[in-house]
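[1] no FASTA, just this:
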């Protein structure tokens, strides 16, 4: 009897603690998302929330940073007229939702102190230690970086490649600035939103910070295309409501079926797609009538085997839609492991279903903060370091093409998935799979069809490379490569190759694809040393340059090429 009373008391205390934590979390979110001056009571509750997550020794550092920053920024105001310090505490509150350590929160509270006050880095080191001081310095924009368009971004990426907390703090800082952007002049707003949409939102996506990404995109959408934003918001409100009710029905039906599964547990959630997602789809030519994933049903399973059990239950209860199943457990998309399917729901409308493991779900919720907690170093950080080393003139292109562009998955001749930026060509693929053999690439077979090296790949393409006996590389290959890494590799190889040219023929041709097979065969046999085209893309008429092994076969080759249909003229180059 006494044992039962103790258990009840323990259970009651636990429930009370959970309720208190939920209340504090809700208060934290309210403070972090507000646009005006934070209410003093709310701030106190929010600080209590942060304190509850950290040991008293760790919290002492945050308390010190709070007081130090508040004092140094005391006379500064934002455009809204509120104290500048409100921005710093709001940035720290956004980060507290990601379970970061005390040093990260302290650095967030101090992140503008070197830039906007007379405090020096040495003083910061003495007060808070070298680790916090280094984080703050990494986020500080010095005067020379205001005139150079990409200097600050390069510095930021370089420091982020060594310590991912730099990236977390910067994104939280940017998000809160966007939340309060309405106080800035319209022209300045548009400049900031354009950069945020091009750089910060894709960066958040790359590191799994989906909530940050979606909020950044929606704020920028509202500022850059206000009329489209209002119209789309109105149109989607009813669809969201209807889909939400249908998903609730599907969850109740699935719970009854999955609750009895032994050695497996499941959590059911809903995932609402943000407005900018649909704006982008509409820009690609889709209509709202074609789209149905306004809210997706998410099943979080205890293991990968349990994911397939859940899939079996979903497909047995609801009719699966053809060609809508994707298995990212068998073929992971980077760190993402899940099953995607679409089914006809209980009300006869399509429903999108995501089934993922707990680990994937935690990564989806926390992103890079999950790696920090697990003390893992993602491969993306190494890529950031290489990106920061790019030449000034090529930095922006490298950033967009190699890093921030969304990925596509294509398959090599053995069925192995290769992940590349969207817009990648056969040439990019060749350097990705085997950089040593890539210079000999003549053409490729994509889904069984012979295509040139400038052919743009699409998701799911199966690519088989065709190699020549000798190197085909020439400076024109720069026009065929999208990826910065590919262009760097070509640059390192093209100069010595150029010195060995023996003879050239210039050819005017029509219907390039029709004659590609003839030229490709000649290259493969080694008769032609290499060939290139002056322009790329969808070519109707083009100029070729063919380089020969030696000048003695020039006349013989001209005679052979004259008989190929589609060639207009041939001359010595």
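    Cool, got the structure. Nothing here was measured: the structure is a model prediction, and the numbers come from that model. Residues are numbered from 1 along each chain as shown.
[2] so where's the protein uncertain?
    Under the criterion pLDDT under 70, the flagged ranges of the chain are 1-57, 142-149, 262, 373-406, 475, 495-573.
[3] quick check: domain ranges of the chain?
    As assigned by automatic domain parsing, the chain contains the domains 11-209, 228-366, 405-572.
[4] so which residues of the stretch 51-200 of the chain form helices?
    With DSSP state H, counting those that start in this stretch as the criterion, the stretch 51-200 of the chain has helices at 56-72, 85-96, 102-110, 113-116, 121-128, 130-139, 144-147, 151-162, 165-179, 186-195.
[5] list the helices and strands the helix or strand following the last one packs on?
    Once the chain leaves helix 186-195, the next helix or strand it forms, by DSSP states H and E, is helix 201-206. Contact analysis of helix 201-206 by 3 or more CB pairs under 8 Å, 6 or more residues apart in numbering; DSSP states H and E lists helix 165-179, helix 210-224 as its packing neighbours. Every C-beta, even on glycine, is put in place using the N, C-alpha and C of the backbone.
[6] give me the contacts around the first one.
    Taking CB atoms under 8 Å, 6 or more residues apart in numbering as the criterion, the residues outside helix 165-179 that touch it are 32-33, 35, 87, 90-92, 94-95, 98, 100, 103-104, 107-108, 111, 135, 138-139, 156, 159-160, 192-193, 196, 200, 203-204, 207, 209, 212, 215-216, 219-220, 368-369, 372.
[7] and the last one, by the same measure?
    Defining contact as CB under 8 Å, 6+ apart, one finds that helix 210-224 is touched by 171-172, 174-175, 178-179, 181, 189-190, 193-194, 196-197, 200-202, 204-205, 228-229, 274-277, 279, 364-365, 367.
[8] ok, now with 6 Å
    With CB atoms under 6 Å, 6 or more residues apart in numbering as the test, helix 210-224 has contacts from 171, 175, 178, 189, 193, 196-197, 200-201, 204-205, 229, 274-276, 279.
[9] list just the nearest of those to residue 259.
    Using CB to CB, residue 274 comes nearest to residue 259 of the contacts of helix 210-224, at 31.5 Å.
[10] which ones are touching that closest one?
    214, 218.
[11] mind running it again at 7 Å?
    If you count contacts by CB atoms under 7 Å, 6 or more residues apart in numbering, residue 274 has them with 214, 217, 218.
[12] quick one, phi/psi of it?
    For residue 274, the backbone dihedrals are phi -80, psi 170 (criterion: degrees, to the nearest 10).
[13] ok, now residue 357?
    Dihedral pair for residue 357: phi -80, psi 160, per degrees, to the nearest 10.
[14] cool, and residue 344?
    Taking degrees, to the nearest 10 as the convention, residue 344 sits at phi -90, psi 120.
[15] so how far is residue 193 from it?
    Residue 344 sits 39 Å away from residue 193, going by CB to CB, to the nearest Å.
[16] neighbour count winner among these two?
    residue 193 (23 against 13; other CB atoms under 10 Å).
[17] what's the nearest residue to the more buried one if we skip its chain neighbours?
    Excluding its sequence neighbours, the residue lying closest to residue 193 (CB to CB, 6 or more residues apart in numbering) is residue 220, at 4.0 Å.
[18] number of nearby residues for that neighbour?
    Neighbours of residue 220 (other CB under 10 Å): 25.
[19] ok, residue 493 next?
    As a burial measure, residue 493 scores 17 neighbours (other CB under 10 Å).
[20] show me what contacts it?
    Counted by CB under 7 Å, 6+ apart, residue 493 has contacts 439, 473.
[21] let me know the secondary structure of it.
    Secondary structure, DSSP: H, G, I helix; E, B strand; the rest coil: residue 493 is helix.
[22] cool, and residue 340?
    strand.
[23] and the gap between the nearest residue in space to it that is not next to it in sequence and residue 208?
    Nearest residue to residue 340 in three dimensions, chain neighbours excluded: residue 326, at 4.2 Å (CB to CB, 6+ apart). According to CB to CB, residue 326 and residue 208 sit 18 Å apart.
[24] of those two, which one has the most company?
    Between residue 326 and residue 208, counting by other CB under 10 Å, residue 208 is the more crowded of the two (25 against 16).
[25] so that one makes contact with residue 369?
    No: with contact defined as CB atoms under 7 Å, residue 208 does not count as touching residue 369 (8.6 Å).
[26] residues in contact with the one helix or strand residue 276 maps to?
    Element membership of residue 276 [criterion: DSSP H and E] is helix 275-283. For helix 275-283, contacts defined as CB under 7 Å, 6+ apart pick out 217, 218, 221, 228, 229, 232, 233, 236, 288, 291.
[27] tell me the phi and psi of residue 271?
    According to degrees, to the nearest 10, residue 271 has phi -120, psi 110.
[28] surely it meets residue 294?
    No: distance between residue 271 and residue 294: 10.1 Å, which falls outside the contact criterion (CB under 7 Å).
[29] more neighbours, the two?
    A direct count of neighbours by other CB under 10 Å for residue 271 and residue 294 places residue 294 higher, at 21 against 14.
[30] contacts only, for that one.
    Contacts of residue 294 by CB under 7 Å, 6+ apart are 236, 239, 240, 243, 273.
[31] and it, how far from residue 437?
    Residue 294 sits 47 Å away from residue 437, taking CB to CB as the criterion.
[32] and what of residue 241?
    For residue 241 relative to residue 437 (CB to CB), the value is 56 Å.
[33] tell me, how many neighbours does the closest residue to residue 68 other than its chain neighbours end up with?
    In this structure, residue 68 finds its nearest non-sequential neighbour in residue 127, 6.5 Å apart by CB to CB, 6+ apart. When neighbours are defined as other CB under 10 Å, residue 127 has 14 of them.
[34] now do residue 289
    If you count neighbours by other CB under 10 Å, residue 289 ends up with 6.
[35] can you confirm it is in a helix?
    No: Residue 289: not assigned to a helix; according to three-state DSSP it is coil.
[36] residue 267 should be in a strand, yeah?
    Yes: judged by three-state DSSP, residue 267 forms part of a strand.
[37] now it, which residues is it bridged with?
    Counting by DSSP bridges, residue 267 forms beta bridges with residue 300.
[38] now the contacts of helix 165-179: which count as buried?
    By neighbour count, with 16 or more other CB atoms under 10 Å, the contacts of helix 165-179 hold 32, 87, 90-92, 94-95, 98, 100, 103-104, 107-108, 111, 135, 138-139, 156, 159-160, 192-193, 196, 200, 203-204, 207, 209, 212, 215-216, 219-220, 368-369, 372 as buried.
[39] can you tell me what sits against the helix or strand harbouring residue 465?
    Element membership for residue 465 (DSSP H and E) is strand 463-467. Counting by CB under 7 Å, 6+ apart, strand 463-467 makes contact with 410-413, 426, 429-430, 437, 440-446, 457, 520, 524, all of which sit outside it.
[40] any idea how far residue 132 is from residue 139?
    Distance, residue 132 to residue 139, by CB to CB: 11 Å.
[41] right, I mislabeled it, should have said residue 229
    30 Å.
[42] go on, residue 178?
    Residue 178 is 17 Å from residue 139, where distance means CB to CB.
[43] over to residue 193?
    21 Å.
[44] could you do residue 63 as well?
    21 Å.
[45] cool, and residue 197?
    Distance, residue 197 to residue 139, using CB to CB: 21 Å.
[46] what's the answer for residue 340, then?
    With CB to CB as the criterion, residue 340 and residue 139 are 37 Å apart.
[47] for residue 466, same thing?
    As judged by CB to CB, residue 466 and residue 139 stand 49 Å apart.
[48] and stretch 316-333, what's buried?
    Buried, per 16+ other CB under 10 Å, within stretch 316-333: 317, 318, 320, 326, 328, 329.
[49] what does stretch 354-365 give?
    Neighbour-count burial for stretch 354-365, counted by 16+ other CB under 10 Å, picks out 354, 355, 356, 357, 360, 361, 362, 363, 364, 365.
[50] the residue nearest to the first one when sequence neighbours are not counted: neighbour count?
    Distances taken as CB to CB, 6+ apart put residue 298 closest to residue 354, at 4.9 Å, once the chain neighbours are dropped. By the measure other CB under 10 Å, the count of residues near residue 298 is 20.
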